[in-house]
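> My questions are about this predicted structure, shown below with the sequence.
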Amino acid sequence: MNPFRDPMSSDRFDSESSGVALAGDYWRRDGKPDALGTSDRVGQPLSRLDGAQKVTGRARFAAEFSFDGMLYAALVYSTIANGRIASIDRDAVESMPGVALVMTHDNAPRLNTAPVFLRSPNGAAGDDHPIMQSDRVHWNGQPVALVLAETQEQADAAVERLEIEYRAEPAVTDFEIAKGQARAPDNVLGGPAEIALGDADSAFAAAPHRVDATYTTPRHNHNAIEPHAVTLKWSREAGTEILRIHDASQCVDLTAASLAEVFDIDAAQIHITSPFVGGGFGSKTLWQHQILAAAAARVVERPVRLALSRKGVYRVVGGRACTEQRVALGADDSGKLSALIHSGIASMTCHNNLPEPFVQATKCLYAADAIRLSIEVADMHMLANTFMRAPGESVGTFALESALDELAERLGMDPLALRERNEPAQDPISGLPFSSRHLLEAARAGAERFGWSGRAATPGSRREGEWQIGMGCATATYPYMRMPGAAARITLSAKGATIDIAAHEMGMGTATVQTQIAAARLGLPVEQVTFRYGDNMLAGAVLAGGSQQTAAIGGAVIAAHRELVTALLALVTSDSPLAGLSADDVVCRDAGLAAADDASRFADYAEILSGAGRESLSVEAAAADSEELAHWSMHSFGTIFCEVGVSEISGEVRVRRLLGSFDCGRILNPKTATSQFRGGMIMGLGLALMEETWFDARSGRIINPSLADYHVPVQMDVPEIEVMWTDIPDPHTPMGARGIGEIGITGVGAAVANAVYNASGKRIRDLPITLDKLL
Amino acid sequence: MKWTINGQVREAEVDFRTSLLDLLRERFQLSGTKKGCNQGACGACTVLLDGRRINACLTLAAQVQGREITTIEGLSDGEALHPVQVAFVEHDGFQCGYCTPGQICSAVGLAGELERGWPSAVTKDLKTTDVAFDREELRERMSGNLCRCGAYNGIVDAVSEALGEEVRR
Amino acid sequence: MNAFDYHQAVDAEQAIEQAMRRQQTRYLGGGTNLVDLMRETVERPAALIDVSTLAREIEETTHGGLFIGAGVTNAELAADPRVRMRYPVLSRAILCGASAQIRNMATVAGNLLQRTRCAYFYDIASHCNKREPGSGCDAREGFHRYHAILGASSSCIATHPSDMAVAMVALDARVHLRGPDGERSLALSELHREPGERPDLETVLAPEELIVAVELPPLPMAAISEYRKVRDRASYAFALVSVASMAALDGDTIGDVRLALGGVGTVPWRARRAEAALRGAAISERAIDTAVEAELEMARTLPGNGFKLALARRLMTSELKARVADAREGGES
């Protein structure tokens, strides 16, 4: 699968008899890389350790736990976008069979507003609207009533009968109108809404070769196949009120902290577990359903399950905002960019904090003499938009990489050559050196494998029967992050080790890969390592988002590993072969510690523990601060290659071949990594060709809240996807790895659009590329 | 009402509104069958009814009284996994695992359809009962099972290997 | 879903009796559409009469046609060797619809009586003359990419979503009905009503009348017939435009032709004008173009579905050409 000659393979010497030293201070400017990044102990294609549970149906998801006496919940969603609830006729419904509670703003308990993600340190919520606290309606689809009943059938039947009158007020539900009042947001992911380097507008005006185009992308919804669900129970333990929650979550700690604020209790009173999550993609955070379920359960003093219907997910859980982006490129005859302007507008609500950051990728990809990047937002009455796989980069690279393709054509250059021409030596905006950037190697190897040289430069010149064939490419990128808060506990006994960390498994392979890594670090067989996660009571707080979880866990385990080895050495007696050694003098191997420079000085963990009269040893440590981000510009990169057929008769587009060549640092498990890359690329195919949330501009209502009308790719849409990678360790990250969860979706939209252009001569700047646009 | 579920006769008093899916998940705690859309648009609830794959979400429990239903829990024999299950693990035919039981039941149902010589939309010559067993056929025939994680390639690899074995037997 | 009564019928007669004894009944076939609509509260029957276990046979008729029980599943019908040999257009049309799972559940009669997939019809908060006569149509100025360009009225532009029915109308299928007043049969093309001012009235079925069978007449030309469906993804999606077609040649002229369209009509659309223009015409591109225009002349488009006119034109043209070529090849071999 990997054709790269690994430039560091000579260093990757790590036979069974040698061991793994403690990780270095990879985050420091002159720090030492994590030894595991160059070790053969990672990188094995281990099958998922939770595979048997998943293929037998034994893996239990949030709606599959139950409590005795549990009630089932159903929600009523508003049908206006702005206004007030005039009346709700609860009485008729309260007497229906099995109904235990009808909760509306009239009788809901007092709840604090939930803290918003990225605005508050505890924030896991999408918006800061009050939840069922008044008669106000803020979006079409807002929950306005909740019914609890003995069975789901009874709860569903009851909400259908609830009569609600509204007093509608004028609402902004048309993006075309909202655009007229666009404003600069106070921040974009904590940074400024506008970034300027030089005078890009003048440089653009003076450029001999120019492209200036507008690209539009629609709203998207995550559509994880598991709908959001929560099963929860309030109880008293030793006089303290405890809220036990089975959630589908990619942020158990933040959710607990947020719920604590909402219910005015201590976060320690909330216990959330989420062992399996049926897909998240940014959506499995805190939305109203968890809060309403907990509020209702507290009122009736019975456990509650609230499983959103598919439609309910569209009403309650935000999606990706729509964008209108301008990309203006100016270049000289050689293709060197003199001006790079990327600006535009995204829909938003003033109650959340996520302007779709579509210029993110543009910050790091190309050297240009002058750059201007800006984002404006158009406020609308709608459900809060939120993070969806590669927020910003997914749709931003569609615009930027389409424009690059347009410029290449205008210059008569190969699109890859144009990108090479503008490869930056350091971060174009911050001026920081890249921690590890091998985009060109990835692009060249990908081009070779894909047969890029076979691309016809003239659009529309290759055909097979009714099918016009074309190739396109685009750059993919996603930043490296390592968020604060990660900590890990390692408990070691003669039987092996348990790693505890409040992290998440949504299918990324975390549980498998982290077990492999911990086993490698500790010199234990994989079977003797248990990785526990998905529980806010475990150590640390790690968000499964921003493609940062692997690094965050890695950083925490590195810190705990050092604690553990230090503690073990403190236990050894003076007659031990390890006596006198310090943590940096030893390596872990063969279920024990050995002197790094003398393999004969060895003691296994069981000996050390029993010698000290201990059953086990448990340590906890927090990850080092992510200082590396202050020293380097850190990003994953890749190039997507695509071949499409466009039917001359019907305009149908079929993706015939798709290849991603990535530079994401060390790949820790090729099997699960391949799946993640492919999964992202398939979501990219959806973005390119079919995905669109129909937001009715008259009513602000989502009209296709179903998997029948919101098309995601099916098996038949997806060719065999080739994935390859440089596997060059990043010296400044844990394990030498950078995240891979989101980069797959980036670049794909443009690669497809560019291939469609190459096939048909038609440039589509408005996603999705449906066949009507090609007729 | 009575059903034979995974070889066992099961009985329950149920509301006529109860779907086969909710019967399995809520009454019999067979939560391996998943609810993804509850409207026949995703395939996560696929089970076998008298050996044929169907969507349990659109099937009323009352409607299939007395019939034989096989769910994901009934495919493995104790700890011994069904060959399709083994192949899914080996080929990484899933990520989050939520659509997986439906995918696997669907693949088992598909095997029966191939054995009977049933054609698909991509079968070139509908008149032949000797239906090809290639990737394109498998992709079309598995298109009723959505996977948002995008494990489609691994799923075809797994089904292809597992059913290839079965078809040869 | 509201509470309802359920009765499993043992035969058609009893099903009708049961239906007559109750108010607001619906016959239940595979449930793939009705159960979904009940969950959305678009349908609120007080009782379901389950007829899905009745009429599960496909029989030969004396003239070499097929008599298909109403309860035959879509999957069984598509796979039947006689259908595949004599009416491949029908097999292909069925196989292009829905998913394998749904085809294993859905019945022939249920497929014919499935209701539109218009998103506003499904959303009870929206205005829809079909769901609630007189309430208006939100599709006309909303999302109507999937909507009809043929047979629509000012009150409704919803398409009939079936693929199977398109092939069947092309094959001159007849539906056999049984009701309180006895049995009757009619051409399938007469079953569905165009919306006019009453889009809620979708068929000519009388109250409690039950479809018991579909009869396919013998049609030798159908042995070479095809169905092409164009949609927004490669599988498991409703048609934007689909075409069922077959042709028989008489020397250098077109002896007979059948053409029907899906995805563009408020009912399964038999392209009779195009057929009439082609029958007896000398084979030429111009004859095909003229015939296609004759049919599409009646099309009325809206901003979101205007592309269907061009798409239908292209598909009809290319399919007709292909069938003529097939027929030539068939004649030579």
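Great, that's in hand.

> and residue 56, how many neighbours does it have?
Went with chain A since none was named. Applying other Cβ atoms under 10 Å in any protein chain shown, we find 20 residues neighbouring residue A:56. For glycine as for every other residue, the C-beta is placed from the backbone atoms N, C-alpha and C.

> Switch to chain B, please.
Quick note: residue B:56 (other Cβ under 10 Å) scores 30 neighbours.

> same deal with residue A:630?
Neighbours of residue A:630 under the rule other Cβ under 10 Å: 11.

> next one: residue B:19
Residues lying near residue B:19 (other Cβ under 10 Å) number 28.

> quick one: contacts for the closest residue to it other than its chain neighbours?
Closest residue to residue B:19 apart from its sequence neighbours, by Cβ to Cβ, 6 or more residues apart in numbering or on different chains: residue B:57 at 5.6 Å. Residues near residue B:57 by Cβ atoms under 8 Å, 6 or more residues apart in numbering or on different chains: B:19-21, B:35, B:37-40, B:45.

> what about 10 Å?
Residue B:57 makes contact with B:19-22, B:33-47, C:31-32, C:35-36, C:39, C:101 under the criterion Cβ atoms under 10 Å, 6 or more residues apart in numbering or on different chains.

> Quick check: helices, which of those residues are part of them?
Counting by DSSP state H, the part of the contacts of residue B:57 found in helices is B:20-22, C:35-36, C:39, C:101.

> Skipping its backbone neighbours, what lies nearest the residue nearest the centre of chain A in space?
Among the residues of chain A, the one closest to the centroid is residue A:545, at 4.1 Å (Cα atoms, centre = their mean). What sits nearest to residue A:545 in space, not counting adjacent residues and going by Cβ to Cβ, 6+ apart, is residue A:250, at 6.0 Å.

> Domain parsing of chain B, as residue ranges.
B:2-74, B:83-168 (automatic domain parsing).

> Same list as before, those that is, but in JSON lines and with mean pLDDT included.
Listed next are the domains of chain B as JSON lines, based on pLDDT from 0 to 100:
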{"stretch": "domain B:2-74", "mean pLDDT": "98"}
{"stretch": "domain B:83-168", "mean pLDDT": "94"}
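
> Of all these, which one comes closest to residue A:650?
Among the domains of chain B, domain B:83-168 comes nearest to residue A:650, with 15.4 Å by Cβ to Cβ.

> Centre of the chain to that closest one, how far?
Domain B:83-168 sits 10 Å away from the centroid of its parent chain (Cα atoms, centre = their mean, to the nearest Å).

> With stretch A:530-548 instead?
Distance, stretch centre to chain centre, for stretch A:530-548: 14 Å (Cα atoms, centre = their mean).

> for that stretch, how far is the first residue from the last?
Length of stretch A:530-548, first residue to last, Cα to Cα, to the nearest Å: 21 Å.

> How about that stretch, which residues are buried there?
By 16 or more other Cβ atoms under 10 Å in any protein chain shown, the buried positions in stretch A:530-548 come out as A:530-536, A:538-548.

> repeat for stretch A:184-195
Of the residues in stretch A:184-195, A:185, A:188, A:193, A:195 count as buried by neighbour count, 16+ other Cβ under 10 Å.

> Pretty sure the second one sits against residue A:396.
No: with contact defined as Cβ atoms under 10 Å, residue A:188 does not reach residue A:396; the gap is 11.5 Å.

> Pull up the overlap in contacts between those two.
Residues touching both residue A:188 and residue A:396 (Cβ under 10 Å, 6+ apart): A:356-360, A:373, A:375.

> now those as TSV including distance to chain B?
Below are the shared contacts of residue A:188 and residue A:396 laid out as TSV (distance: Cβ to the nearest Cβ, whole Å):
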residue	distance to chain B
A:356	20
A:357	23
A:358	23
A:359	26
A:360	22
A:373	30
A:375	28
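
> Which ones among those residues lie within strands?
Members of the shared contacts of residue A:188 and residue A:396 lying in strands (criterion: DSSP state E): A:373, A:375.

> And the shared contacts of residue A:188 and residue A:396, which is closest to residue A:642?
The shortest gap between residue A:642 and any of the shared contacts of residue A:188 and residue A:396 belongs to residue A:358, at 20.8 Å (Cβ to Cβ).

> Which strand in chain C has the most residues?
strand C:239-250.

> what pLDDT, on average, does stretch A:548-558 get?
Here stretch A:548-558 scores 97 as its mean pLDDT.

> does it come close to chain B?
No: if you take Cβ under 10 Å from any Cβ of the partner chain as the test, stretch A:548-558 misses chain B, and the best it gets is 14.0 Å.

> Neighbours of residue A:235, how many?
Counted with other Cβ under 10 Å, residue A:235 comes out at 12.

> didn't it look like it was pressed against residue A:245?
No: assessed by Cβ under 10 Å, residue A:235 is found out of contact with residue A:245, at 11.8 Å.

> Now the stretch 1-150 of chain C against chain B: closest residue?
In the stretch 1-150 of chain C, the residue that lies nearest chain B is residue C:99 (2.4 Å; Cβ to the nearest Cβ).

> okay, that residue: pLDDT?
98.

> Find the nearest non-adjacent residue to it, please.
Nearest non-adjacent residue to residue C:99, counting by Cβ to Cβ, 6+ apart: residue B:144, 2.4 Å away.

> quick one, phi/psi of the one you found?
With angles defined as degrees, to the nearest 10, residue B:144 sits at phi -80, psi 10.
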